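A.B. asks: One predicted model, sequence on top.
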Amino acid sequence: SAAEKGGYDYFMLKEIAEQPKAVADTLLGRIDGSGSLTLDEVRIPANVLREVDKVVIVACGTAFHAGLIAKYAIEHWTRVPCEVELASEFRYRDPILDQQTLVVAISQSGETMDTLMALRHAREQGAKVLAICNTNGSTIPRESDAVLYTHAGPEVAVASTKAFLTQLVACYLVALYLGQVRGTKYADEIRAVVRDLGSISGAVERVLETMEPVRELARSLAEKNTVLFLGRHVGYPVALEGALKLKELAYMHAEGFAAGELKHGPIALIEDDLPVVVVVPSPRGRSVLHDKIVSNIQEIRARGARTIVVAEEGDDAVVPYADHLIRVPVTPTLLQPLVATVPLQVFACELATARGNEVDQPRNLAKSVTVE
Ligand code: AGP
(Lines give C-alpha, C1' and ligand atoms only; values in the text may rest on other atoms or scores of the structure.)
Protein backbone atom coordinates (compact mmCIF):
# COMPACT_ATOMS: atom_id res chain seq x y z
CA SER A 1 0.00 0.00 0.00
CA ALA A 2 0.98 3.66 -0.33
CA ALA A 3 1.32 3.98 3.45
CA GLU A 4 3.77 1.07 3.57
CA LYS A 5 5.86 2.87 1.00
CA GLY A 6 6.06 5.91 3.26
CA GLY A 7 4.85 8.30 0.58
CA TYR A 8 7.26 6.97 -2.07
CA ASP A 9 6.08 5.46 -5.36
CA TYR A 10 8.21 2.36 -4.85
CA PHE A 11 9.75 0.48 -1.96
CA MET A 12 13.08 0.84 -3.72
CA LEU A 13 12.91 4.65 -3.55
CA LYS A 14 12.01 4.45 0.12
CA GLU A 15 14.85 2.03 0.79
CA ILE A 16 17.38 4.17 -1.07
CA ALA A 17 16.27 7.14 1.04
CA GLU A 18 16.58 5.12 4.25
CA GLN A 19 20.27 4.43 3.69
CA PRO A 20 21.70 7.13 5.99
CA LYS A 21 19.64 5.70 8.86
CA ALA A 22 20.43 2.09 7.92
CA VAL A 23 24.15 2.89 7.97
CA ALA A 24 23.91 4.75 11.30
CA ASP A 25 21.84 1.95 12.86
CA THR A 26 24.36 -0.66 11.78
CA LEU A 27 27.14 1.28 13.52
CA LEU A 28 25.09 1.99 16.62
CA GLY A 29 26.46 0.53 19.85
CA ARG A 30 29.43 -1.03 18.10
CA ILE A 31 31.97 1.73 18.80
CA ASP A 32 32.73 2.66 22.40
CA GLY A 33 33.51 6.09 23.86
CA SER A 34 37.26 5.62 23.36
CA GLY A 35 36.83 4.88 19.65
CA SER A 36 37.39 1.10 19.87
CA LEU A 37 35.10 -1.45 18.31
CA THR A 38 33.07 -3.57 20.70
CA LEU A 39 31.70 -6.48 18.74
CA ASP A 40 30.94 -8.70 21.74
CA GLU A 41 28.06 -10.18 19.78
CA VAL A 42 30.62 -11.89 17.55
CA ARG A 43 30.98 -14.80 19.92
CA ILE A 44 34.17 -16.13 18.38
CA PRO A 45 36.77 -15.66 21.15
CA ALA A 46 39.64 -13.23 20.54
CA ASN A 47 42.22 -16.02 20.81
CA VAL A 48 40.49 -17.95 18.02
CA LEU A 49 40.37 -14.79 15.87
CA ARG A 50 44.09 -14.26 16.48
CA GLU A 51 44.80 -17.78 15.15
CA VAL A 52 42.82 -17.28 11.93
CA ASP A 53 45.18 -17.64 8.96
CA LYS A 54 42.69 -17.21 6.12
CA VAL A 55 39.35 -15.52 5.59
CA VAL A 56 36.97 -16.86 2.96
CA ILE A 57 33.87 -14.88 2.06
CA VAL A 58 30.90 -16.58 0.40
CA ALA A 59 27.81 -14.82 -0.94
CA CYS A 60 25.63 -14.30 -4.01
CA GLY A 61 24.71 -11.31 -6.16
CA THR A 62 24.87 -7.98 -4.42
CA ALA A 63 26.11 -9.58 -1.19
CA PHE A 64 29.00 -11.04 -3.22
CA HIS A 65 29.90 -7.51 -4.33
CA ALA A 66 30.02 -6.46 -0.68
CA GLY A 67 32.38 -9.40 -0.16
CA LEU A 68 34.65 -8.27 -2.98
CA ILE A 69 34.99 -4.88 -1.30
CA ALA A 70 35.56 -6.53 2.09
CA LYS A 71 38.59 -8.33 0.71
CA TYR A 72 40.41 -5.03 0.15
CA ALA A 73 39.61 -3.92 3.70
CA ILE A 74 40.40 -7.24 5.40
CA GLU A 75 43.73 -7.80 3.69
CA HIS A 76 44.80 -4.21 4.21
CA TRP A 77 43.90 -3.84 7.88
CA THR A 78 44.53 -7.38 9.11
CA ARG A 79 47.26 -8.71 6.75
CA VAL A 80 45.33 -12.01 6.68
CA PRO A 81 44.80 -13.46 3.18
CA CYS A 82 41.17 -13.24 2.08
CA GLU A 83 39.36 -15.00 -0.73
CA VAL A 84 35.89 -14.14 -1.98
CA GLU A 85 33.84 -16.69 -3.83
CA LEU A 86 30.38 -16.99 -5.27
CA ALA A 87 28.59 -19.33 -2.89
CA SER A 88 27.25 -21.32 -5.84
CA GLU A 89 30.77 -22.19 -6.97
CA PHE A 90 32.40 -22.68 -3.59
CA ARG A 91 31.63 -26.19 -2.44
CA TYR A 92 31.87 -27.75 -5.86
CA ARG A 93 35.60 -27.18 -6.18
CA ASP A 94 36.78 -28.87 -2.97
CA PRO A 95 37.99 -25.67 -1.24
CA ILE A 96 40.84 -25.82 1.28
CA LEU A 97 39.45 -25.11 4.74
CA ASP A 98 40.38 -25.98 8.31
CA GLN A 99 39.97 -24.80 11.91
CA GLN A 100 42.04 -21.72 11.22
CA THR A 101 39.81 -20.55 8.38
CA LEU A 102 37.23 -17.90 9.12
CA VAL A 103 34.36 -18.13 6.65
CA VAL A 104 32.16 -15.05 6.37
CA ALA A 105 28.73 -15.71 4.83
CA ILE A 106 26.97 -12.52 3.72
CA SER A 107 23.21 -12.61 3.11
CA GLN A 108 20.42 -10.08 3.40
CA SER A 109 17.66 -12.68 3.69
CA GLY A 110 19.59 -15.35 5.55
CA GLU A 111 17.75 -17.90 3.42
CA THR A 112 19.76 -18.05 0.19
CA MET A 113 20.26 -21.76 -0.49
CA ASP A 114 23.61 -21.41 -2.29
CA THR A 115 25.07 -19.48 0.64
CA LEU A 116 23.59 -21.88 3.18
CA MET A 117 25.05 -24.91 1.41
CA ALA A 118 28.45 -23.18 1.22
CA LEU A 119 28.48 -22.48 4.96
CA ARG A 120 27.39 -26.04 5.79
CA HIS A 121 30.26 -27.32 3.71
CA ALA A 122 32.67 -24.96 5.49
CA ARG A 123 31.54 -26.07 8.94
CA GLU A 124 31.88 -29.73 7.98
CA GLN A 125 35.54 -29.01 7.25
CA GLY A 126 35.97 -27.47 10.71
CA ALA A 127 36.00 -23.80 9.67
CA LYS A 128 34.39 -21.16 11.89
CA VAL A 129 31.53 -19.33 10.18
CA LEU A 130 30.53 -15.75 10.84
CA ALA A 131 27.28 -14.62 9.20
CA ILE A 132 26.59 -11.04 8.17
CA CYS A 133 22.84 -10.97 7.87
CA ASN A 134 19.86 -8.62 7.87
CA THR A 135 17.16 -11.03 9.01
CA ASN A 136 16.92 -11.95 12.67
CA GLY A 137 16.74 -15.65 13.37
CA SER A 138 16.91 -16.73 9.73
CA THR A 139 18.58 -19.98 8.72
CA ILE A 140 22.07 -18.71 7.83
CA PRO A 141 22.75 -17.00 11.19
CA ARG A 142 21.15 -19.94 13.05
CA GLU A 143 23.58 -22.34 11.41
CA SER A 144 26.64 -20.11 11.86
CA ASP A 145 29.07 -19.93 14.81
CA ALA A 146 28.43 -16.21 15.17
CA VAL A 147 26.47 -13.43 13.53
CA LEU A 148 26.88 -9.72 12.98
CA TYR A 149 23.46 -8.33 12.09
CA THR A 150 23.06 -5.47 9.67
CA HIS A 151 20.33 -3.13 10.84
CA ALA A 152 18.90 -2.04 7.50
CA GLY A 153 15.35 -2.91 8.54
CA PRO A 154 13.12 -4.95 6.22
CA GLU A 155 14.10 -4.68 2.56
CA VAL A 156 11.09 -5.27 0.31
CA ALA A 157 12.28 -4.28 -3.18
CA VAL A 158 13.88 -7.23 -4.95
CA ALA A 159 16.88 -5.11 -5.93
CA SER A 160 19.05 -4.70 -2.87
CA THR A 161 20.10 -1.17 -1.87
CA LYS A 162 20.12 -0.36 1.83
CA ALA A 163 21.03 -3.94 2.71
CA PHE A 164 24.14 -3.60 0.52
CA LEU A 165 25.31 -0.42 2.22
CA THR A 166 24.88 -2.00 5.64
CA GLN A 167 26.68 -5.16 4.49
CA LEU A 168 29.60 -2.91 3.59
CA VAL A 169 29.48 -1.31 7.03
CA ALA A 170 29.43 -4.75 8.66
CA CYS A 171 32.35 -5.90 6.50
CA TYR A 172 34.39 -2.83 7.47
CA LEU A 173 33.56 -3.50 11.13
CA VAL A 174 34.74 -7.10 10.82
CA ALA A 175 37.95 -6.02 9.05
CA LEU A 176 38.69 -3.28 11.59
CA TYR A 177 37.81 -5.53 14.52
CA LEU A 178 40.04 -8.33 13.28
CA GLY A 179 42.80 -5.75 12.83
CA GLN A 180 42.18 -4.41 16.33
CA VAL A 181 42.18 -7.87 17.96
CA ARG A 182 45.26 -9.06 16.12
CA GLY A 183 47.19 -5.79 16.44
CA THR A 184 48.80 -4.73 13.18
CA LYS A 185 51.02 -1.89 12.09
CA TYR A 186 47.82 -0.16 11.02
CA ALA A 187 46.53 0.43 14.57
CA ASP A 188 46.54 4.23 14.14
CA GLU A 189 44.86 4.06 10.76
CA ILE A 190 42.25 1.67 12.17
CA ARG A 191 41.44 4.14 14.94
CA ALA A 192 41.18 6.99 12.41
CA VAL A 193 38.86 5.02 10.12
CA VAL A 194 36.64 4.00 13.04
CA ARG A 195 36.34 7.73 13.77
CA ASP A 196 35.60 8.50 10.10
CA LEU A 197 32.81 5.91 10.07
CA GLY A 198 30.94 8.26 12.38
CA SER A 199 30.46 10.79 9.58
CA ILE A 200 29.58 8.30 6.84
CA SER A 201 25.82 8.42 7.36
CA GLY A 202 25.91 12.20 6.84
CA ALA A 203 27.96 11.72 3.68
CA VAL A 204 25.37 9.30 2.27
CA GLU A 205 22.69 11.87 3.11
CA ARG A 206 24.59 14.54 1.17
CA VAL A 207 24.79 12.27 -1.88
CA LEU A 208 21.02 11.75 -1.77
CA GLU A 209 20.44 15.49 -1.73
CA THR A 210 22.23 15.94 -5.06
CA MET A 211 20.59 13.21 -7.15
CA GLU A 212 18.28 15.24 -9.42
CA PRO A 213 20.85 15.57 -12.27
CA VAL A 214 21.46 11.81 -12.07
CA ARG A 215 17.74 11.12 -12.51
CA GLU A 216 17.62 13.54 -15.42
CA LEU A 217 20.59 11.82 -17.04
CA ALA A 218 18.99 8.39 -16.54
CA ARG A 219 15.79 9.51 -18.26
CA SER A 220 17.81 10.81 -21.22
CA LEU A 221 19.37 7.34 -21.66
CA ALA A 222 16.12 5.36 -21.62
CA GLU A 223 16.48 4.35 -25.29
CA LYS A 224 20.02 2.98 -24.97
CA ASN A 225 20.72 -0.74 -25.09
CA THR A 226 24.04 -0.92 -23.30
CA VAL A 227 25.78 0.83 -20.43
CA LEU A 228 29.29 -0.07 -19.30
CA PHE A 229 30.76 0.51 -15.83
CA LEU A 230 34.44 0.86 -15.03
CA GLY A 231 36.20 0.99 -11.70
CA ARG A 232 39.45 0.16 -10.04
CA HIS A 233 40.43 -1.02 -6.55
CA VAL A 234 37.24 -0.84 -4.41
CA GLY A 235 35.60 1.03 -7.28
CA TYR A 236 35.69 -2.16 -9.35
CA PRO A 237 33.08 -4.03 -7.27
CA VAL A 238 31.07 -0.78 -7.21
CA ALA A 239 31.08 -0.91 -11.03
CA LEU A 240 29.91 -4.55 -10.90
CA GLU A 241 27.10 -3.57 -8.53
CA GLY A 242 26.07 -0.63 -10.74
CA ALA A 243 25.85 -3.01 -13.70
CA LEU A 244 23.87 -5.61 -11.74
CA LYS A 245 21.33 -2.98 -10.64
CA LEU A 246 20.86 -1.91 -14.25
CA LYS A 247 20.37 -5.50 -15.48
CA GLU A 248 17.84 -6.28 -12.77
CA LEU A 249 15.85 -3.08 -13.01
CA ALA A 250 16.24 -1.65 -16.51
CA TYR A 251 16.73 -5.01 -18.31
CA MET A 252 19.63 -3.44 -20.16
CA HIS A 253 22.89 -5.00 -21.17
CA ALA A 254 25.21 -3.68 -18.50
CA GLU A 255 28.70 -4.84 -17.65
CA GLY A 256 31.26 -3.85 -15.09
CA PHE A 257 34.97 -3.99 -15.85
CA ALA A 258 38.17 -3.38 -13.97
CA ALA A 259 39.47 -0.23 -15.65
CA GLY A 260 42.94 -1.74 -15.98
CA GLU A 261 41.47 -4.52 -18.14
CA LEU A 262 40.16 -2.10 -20.78
CA LYS A 263 43.07 -2.52 -23.13
CA HIS A 264 42.95 -6.31 -22.69
CA GLY A 265 39.65 -6.48 -24.51
CA PRO A 266 36.67 -4.41 -23.41
CA ILE A 267 37.88 -1.21 -25.10
CA ALA A 268 36.81 -2.86 -28.38
CA LEU A 269 33.22 -2.35 -27.22
CA ILE A 270 33.51 1.43 -27.13
CA GLU A 271 31.54 3.10 -29.88
CA ASP A 272 30.03 6.48 -30.54
CA ASP A 273 27.80 7.77 -27.75
CA LEU A 274 28.05 4.58 -25.64
CA PRO A 275 27.38 5.56 -22.02
CA VAL A 276 30.25 4.52 -19.75
CA VAL A 277 30.06 5.11 -16.02
CA VAL A 278 33.49 5.46 -14.42
CA VAL A 279 34.00 5.24 -10.66
CA VAL A 280 37.10 7.29 -9.90
CA PRO A 281 39.20 6.55 -6.81
CA SER A 282 40.24 9.39 -4.57
CA PRO A 283 43.18 11.47 -5.86
CA ARG A 284 44.56 11.34 -2.32
CA GLY A 285 45.98 8.07 -1.01
CA ARG A 286 46.48 5.85 -4.02
CA SER A 287 47.03 8.70 -6.46
CA VAL A 288 48.67 6.39 -9.03
CA LEU A 289 45.35 4.63 -9.49
CA HIS A 290 43.56 7.93 -9.81
CA ASP A 291 45.88 9.10 -12.56
CA LYS A 292 45.58 5.81 -14.42
CA ILE A 293 41.82 5.94 -14.40
CA VAL A 294 41.85 9.55 -15.64
CA SER A 295 43.87 8.29 -18.65
CA ASN A 296 41.28 5.52 -19.12
CA ILE A 297 38.53 8.15 -19.25
CA GLN A 298 40.51 10.07 -21.87
CA GLU A 299 41.05 6.88 -23.90
CA ILE A 300 37.41 5.86 -24.03
CA ARG A 301 36.25 9.41 -24.67
CA ALA A 302 38.64 9.72 -27.61
CA ARG A 303 36.82 6.66 -29.04
CA GLY A 304 33.42 8.25 -28.71
CA ALA A 305 32.19 7.10 -25.28
CA ARG A 306 29.80 9.34 -23.39
CA THR A 307 31.57 9.51 -20.02
CA ILE A 308 29.59 9.58 -16.79
CA VAL A 309 32.15 10.18 -14.08
CA VAL A 310 31.62 9.53 -10.38
CA ALA A 311 34.39 11.43 -8.59
CA GLU A 312 35.20 12.87 -5.21
CA GLU A 313 34.42 16.53 -4.47
CA GLY A 314 37.42 18.68 -5.37
CA ASP A 315 38.85 16.18 -7.88
CA ASP A 316 39.47 18.67 -10.70
CA ALA A 317 41.56 16.41 -12.93
CA VAL A 318 38.45 14.60 -14.23
CA VAL A 319 36.53 17.73 -15.20
CA PRO A 320 37.82 18.11 -18.80
CA TYR A 321 36.92 14.50 -19.67
CA ALA A 322 33.55 14.12 -17.97
CA ASP A 323 30.45 14.53 -20.15
CA HIS A 324 28.48 14.13 -16.94
CA LEU A 325 30.02 14.59 -13.53
CA ILE A 326 28.56 13.07 -10.37
CA ARG A 327 30.21 14.30 -7.18
CA VAL A 328 30.53 12.25 -4.00
CA PRO A 329 31.89 13.44 -0.63
CA VAL A 330 35.50 12.87 0.38
CA THR A 331 35.93 9.63 2.37
CA PRO A 332 38.86 7.39 3.31
CA THR A 333 39.80 5.41 0.16
CA LEU A 334 38.46 2.06 1.36
CA LEU A 335 35.11 3.56 2.42
CA GLN A 336 34.34 5.22 -0.92
CA PRO A 337 31.89 2.47 -2.02
CA LEU A 338 29.49 3.66 0.70
CA VAL A 339 28.99 6.92 -1.19
CA ALA A 340 29.86 5.93 -4.77
CA THR A 341 27.21 3.16 -4.97
CA VAL A 342 24.29 5.45 -4.16
CA PRO A 343 24.17 7.40 -7.46
CA LEU A 344 24.30 4.10 -9.36
CA GLN A 345 21.24 2.84 -7.48
CA VAL A 346 19.35 6.04 -8.24
CA PHE A 347 20.47 5.84 -11.87
CA ALA A 348 19.17 2.27 -12.30
CA CYS A 349 15.91 2.94 -10.50
CA GLU A 350 15.15 5.99 -12.63
CA LEU A 351 16.09 4.22 -15.87
CA ALA A 352 13.74 1.37 -14.94
CA THR A 353 10.90 3.80 -14.36
CA ALA A 354 11.64 5.63 -17.59
CA ARG A 355 11.48 2.31 -19.46
CA GLY A 356 8.16 1.48 -17.85
CA ASN A 357 9.50 -1.43 -15.79
CA GLU A 358 8.15 -2.69 -12.52
CA VAL A 359 10.78 -1.37 -10.09
CA ASP A 360 10.05 -3.37 -6.95
CA GLN A 361 9.32 -6.67 -8.69
CA PRO A 362 11.61 -7.10 -11.71
CA ARG A 363 10.63 -9.87 -14.09
CA ASN A 364 11.96 -13.38 -13.41
CA LEU A 365 13.49 -12.49 -10.03
CA ALA A 366 12.66 -13.46 -6.44
CA LYS A 367 13.71 -11.55 -3.34
CA SER A 368 15.27 -14.56 -1.78
CA VAL A 369 16.48 -17.50 -3.78
CA THR A 370 15.75 -20.57 -1.67
CA VAL A 371 16.63 -23.17 -4.29
CA GLU A 372 20.09 -24.00 -5.63
C1 AGP B 1 20.35 -7.90 -5.48
O2 AGP B 1 19.84 -6.76 -6.04
C3 AGP B 1 19.74 -9.17 -5.87
N4 AGP B 1 18.35 -9.19 -5.99
C5 AGP B 1 20.46 -10.47 -5.50
O6 AGP B 1 21.66 -10.45 -6.22
C7 AGP B 1 20.76 -10.77 -4.03
O8 AGP B 1 21.71 -9.87 -3.55
C9 AGP B 1 21.25 -12.22 -3.90
O10 AGP B 1 20.24 -13.09 -4.35
C11 AGP B 1 21.65 -12.58 -2.49
O12 AGP B 1 20.58 -12.51 -1.59
P13 AGP B 1 20.81 -12.57 -0.04
O14 AGP B 1 21.62 -11.39 0.34
O15 AGP B 1 19.44 -12.54 0.56
O16 AGP B 1 21.54 -13.84 0.26
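C.D. replies: Yep, it's here.

A.B. asks: Can you tell me, leaving aside adjacent residues, what's nearest to the residue in the chain that the ligand sits nearest to?
C.D. replies: Residue nearest to the ligand within the chain: residue 61 (1.8 Å; Cβ to the nearest ligand atom). For the C-beta atoms, the positions are set from N, CA and C on the backbone; glycine is no exception. If you skip the residues right next to it in sequence, residue 61 has residue 244 as its closest partner in space, 6.8 Å away by Cβ to Cβ, 6 or more residues apart in numbering.

A.B. asks: Around the ligand, pick out the residues from this structure.
C.D. replies: For the chain, the residues in contact with the ligand (Cβ under 6 Å from any ligand atom) are 60-63, 107-109, 112, 115, 158-160, 248, 365, 368-369.

A.B. asks: returning to what we had before: how many residues are close by the residue of the chain closest to the ligand?
C.D. replies: Residues within reach of residue 61, counting by other Cβ atoms under 10 Å, total 22.

A.B. asks: picking that back up, buried subset of the residues of the chain next to the ligand?
C.D. replies: The neighbour-count criterion (16 or more other Cβ atoms under 10 Å) marks 60-63, 107-109, 112, 115, 158-160, 248, 369 among the residues of the chain next to the ligand as buried.

A.B. asks: Give me the subset of the residues you listed that lies in strands.
C.D. replies: Secondary-structure check on those using DSSP state E: residues within strands are residue 107.

A.B. asks: Turn the buried ones among the residues of the chain next to the ligand into TSV, including pLDDT.
C.D. replies: Conversion of these to TSV gives the following (pLDDT from 0 to 100):
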residue	pLDDT
60	98
61	97
62	98
63	98
107	98
108	97
109	97
112	96
115	97
158	92
159	95
160	97
248	97
369	89
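
A.B. asks: Closest one to residue 215 out of the buried ones among the residues of the chain next to the ligand, please.
C.D. replies: Checking these against residue 215 by Cβ to Cβ gives residue 159 as the nearest, at 16.2 Å.

A.B. asks: wait, residue 110 sits on residue 134?
C.D. replies: Yes - contact status for residue 110 versus residue 134: in contact at 7.2 Å, counting by Cβ atoms under 8 Å.

A.B. asks: How about residue 230: which residues does it bridge to?
C.D. replies: For residue 230, the beta-bridge assignment (DSSP bridges) gives partners residue 257, residue 278.

A.B. asks: what sits against the residue lying closest to residue 17 once chain neighbours are set aside?
C.D. replies: Spatial nearest neighbour of residue 17, chain neighbours left out: residue 208 (6.5 Å); criterion: Cβ to Cβ, 6+ apart. Neighbouring residues of residue 208 by Cβ atoms under 8 Å, 6 or more residues apart in numbering: 16-17, 19-20, 342.

A.B. asks: Can you classify residue 208 by secondary structure?
C.D. replies: With DSSP: H, G, I helix; E, B strand; the rest coil as the basis, residue 208 sits in helix.
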